[in-house]
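Chemist: quick check, what structure comes out for this input:
(chains A and B)
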Protein chains: 2
Amino acid sequence: MPGEFDLISWIQSQSKPSEFLLVPPGDDLAVLKWEGKIKPPKTDAGPAGRNVDDLLLAGVDQVLEGRHFESSKHTPEQIGRKVVNRNLSDCAAMGCLPAALLVAVALPDHLRSAADGGTGLLDYAKLLYAAIKQTAAAHYCPVIGGDTASWSGSLAVSVTVLGRSAGVAPVTRQGAQPGDGIYVTGPLGGSILGRHLTFEPRLAWGRQLATYRPTGLPCVKAMIDVSDGLSRDLPHLLAAGPQHPQLGAQLDGDKIPLHPDALALSTQSGKPPLHHALHDGEDHELLFTSPVRPPIGIRIGTVTAEPGIRVSGNLLSAGGWEHPL
Amino acid sequence: MPGEFDLISWIQSQSKPSEFLLVPPGDDLAVLKWEGKIKPPKTDAGPAGRNVDDLLLAGVDQVLEGRHFESSKHTPEQIGRKVVNRNLSDCAAMGCLPAALLVAVALPDHLRSAADGGTGLLDYAKLLYAAIKQTAAAHYCPVIGGDTASWSGSLAVSVTVLGRSAGVAPVTRQGAQPGDGIYVTGPLGGSILGRHLTFEPRLAWGRQLATYRPTGLPCVKAMIDVSDGLSRDLPHLLAAGPQHPQLGAQLDGDKIPLHPDALALSTQSGKPPLHHALHDGEDHELLFTSPVRPPIGIRIGTVTAEPGIRVSGNLLSAGGWEHPL
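Modeler: Modelled structure (predicted):
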């Protein structure tokens, strides 16, 4: 069955590199050269050695009824918070600062027939926008545009985030080297018990990691946020590209931090907690590789020249979930 | 019944002006100061007299099943083209250059069960993306990001457009003065007969109008694209603000250009063609005011100090359609 990754591959194949688009679709965020304002190099070098004083980063992420939330169970505050934090987590994974959000909301007509006399739709939209605005404002990120319409369909919220490099080279998914340590910023697994709605985007840690240069070079080589699950997201850091080979990883199962939710879910699912830590999604911790000891992060393994991901010696099947399209 | 404009007013009331956000939500696009790269004024002055070499503009606009298209009647090519051109038309109305698009697509699960063996969903998504990419590429505007997911809901496509001022001050909706001529770039009415899918965004004209300075000052004072209908969009150019009073307009009914579609629809609706030219939406011609004769545009009336819109002397009721939320 074709999945989301098939489409992403196809979109990437349609996208030509350009002077404008320094990092094309397929990373957490695209990186743009904002023309006319690029000063001579001063403090840092970004992709392809360009100055990174103020690169523009941009990405879009949506949440849909029945896929990412259930409006019968979850409040508009929870839904608004989740969609913003998913986008802010992409900023964290690039080491950039969030700069602004744009929001498109498709509101179901049935909200109109609320018991309060027909203002249900507007009231719901206000609660949703207020949560979006508040969540973003906590990271100094204004909502600068929006489009709202009602329809006979279900609730869909799409958020575009703009980010700023602000002097720090964006950290992409490419750049891992054999021998790099593999690190994660927090415990994994079981987010479905509620953490998928309440997680905190690791913006400060992402920025700290992107800035840390103990040897004069960036300590972090490649970074992503764990949205689809460790077993699905780690391969993005190991994937072959035009100028680098396919890599692999040796993970130490005993070192992978288990979230208490993974333990709790284990008692329900009958699967070991490590299964949930490896394969569950929506943790939104940062996953990265580094050749030196980073200021934060738990080491869970090592990048290898040999392809394949091994956990305590056993080859890992890709048990995380690819979004079915 | 609360409508879209109630929500926009509320969102605007929540948005504080800032050094970063030069034009806040409520215009065709927001205008951002992209920090750290603002050079001393050289060629032009934008909002509040700032340099406009490379301001960042951004906006989002979505199309929804049953509201903006019907996927049973319209092809993915038509739907993709429409959503992009709606966004490019917002760029035209600001006089900016489109720079990049981001796309979020919510694909209905039922597309999966296509007769061709289950690849229907991916094929549909590819056709949609190809149309989006091709429509944008015609205006040198790359697609730099996307998010695609399937769900049990209906087709929804949300596009965020980024624009560049590139040395020309963005034209906002505010700035009309009593005595200004009111101009439109083409004939209006009856777009529902098909033109709502096939219109061309007036990018070159918008840029030409924003650049035209016969007296050393911008000729165009305020501009918008006709998306909701002349009777609904003109009031945006006449609205009171913190530093300017409510204005009005005298329109000459005989001068308002009637599209052949308005004539054709008139024979079906029994309403006069002028009714359709005044109240139909989705023409996406540019509507603007100017104190001097502009290089393009048909003069249809004059801005007045007295509030209210009069057509050949008769006060116009707001017969355009506010999007019901």
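Chemist: how about low-confidence regions in chain A?
Modeler: A:1-26, A:32-53, A:113-119, A:318-325 (pLDDT under 70).
Chemist: repeat the analysis, applying 80 as the threshold.
Modeler: A:1-55, A:112-119, A:241-243, A:317-325 (pLDDT under 80).
Chemist: which parts of it are helices?
Modeler: A:4-14, A:76-94, A:120-137, A:195-198, A:203-211, A:230-238, A:260-269, A:273-279 (DSSP state H).
Chemist: so for chain B, which of those sits nearest?
Modeler: Closest to chain B of the helices of chain A is helix A:120-137 (Cβ to the nearest Cβ; 3.9 Å). The way it works is simple: take the backbone N, C-alpha and C, and place the C-beta from them, glycine included.
Chemist: touching chain B at all, that closest one?
Modeler: Yes: interface with chain B: helix A:120-137 contributes A:Leu121, A:Leu122, A:Ala125, A:Lys126, A:Tyr129, A:Ala130, A:Lys133 (Cβ under 8 Å from any Cβ of the partner chain).
Chemist: filter these down to the buried ones and hand me the ChimeraX line.
Modeler: In ChimeraX, this line selects whichever of the residues of helix A:120-137 next to chain B come out buried by 16 or more other Cβ atoms under 10 Å in any protein chain shown:
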select /A:121,122,125,126,129,130,133
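Chemist: and the residues of helix A:120-137 next to chain B as TSV, adding distance to B:Val184?
Modeler: Output for those, formatted as TSV (distance: Cβ to Cβ, whole Å):
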residue	distance to B:Val184
A:Leu121	33
A:Leu122	32
A:Ala125	32
A:Lys126	35
A:Tyr129	33
A:Ala130	38
A:Lys133	36
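Chemist: got the contact list for A:Arg213?
Modeler: For A:Arg213, the contacting residues are A:Cys219, by Cβ atoms under 8 Å, 6 or more residues apart in numbering or on different chains.
Chemist: quick one, phi psi at it?
Modeler: Main-chain torsions, A:Arg213, degrees, to the nearest 10: phi -140, psi 70.
Chemist: picking up where we left off before, buried deepest among the helices of chain A, which one?
Modeler: Greatest average neighbour count among the helices of chain A goes to helix A:76-94 (a mean of 26), per mean count of other Cβ atoms under 10 Å in any protein chain shown.
Chemist: could you say what helices and strands it packs with?
Modeler: strand A:56-64, strand A:97-108, helix A:120-137, strand A:156-164, helix A:195-198, helix A:203-211, strand A:222-225 (3 or more Cβ pairs under 8 Å, 6 or more residues apart in numbering or on different chains; DSSP states H and E).
Chemist: before we move on, the earlier item: greatest separation within the residues of helix A:120-137 next to chain B: which pair is it?
Modeler: A:Leu121 and A:Lys133 (18.4 Å; Cβ to Cβ).
Chemist: thought A:Ala92 was touching A:Gly206?
Modeler: Yes: here A:Ala92 reaches A:Gly206: they are 3.4 Å apart, a contact under Cβ atoms under 8 Å.
Chemist: where do the contact lists of these two overlap?
Modeler: Counting by Cβ under 8 Å, 6+ apart, the residues touching both A:Ala92 and A:Gly206 are A:Leu286.
Chemist: could the helices and strands packed on helix A:76-94 go into TSV alongside distance to B:Lys221?
Modeler: Converted to TSV, those look like this (distance: least, Cβ to Cβ, whole Å):
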stretch	distance to B:Lys221
strand A:56-64	30
strand A:97-108	27
helix A:120-137	31
strand A:156-164	29
helix A:195-198	47
helix A:203-211	41
strand A:222-225	46
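Chemist: can you tell me which residues contact A:Cys219?
Modeler: When contacts are counted by Cβ under 8 Å, 6+ apart, A:Cys219 is found next to A:Leu209, A:Tyr212, A:Arg213, A:Ser290, A:Pro291, A:Val292, A:Pro294, A:Pro295.
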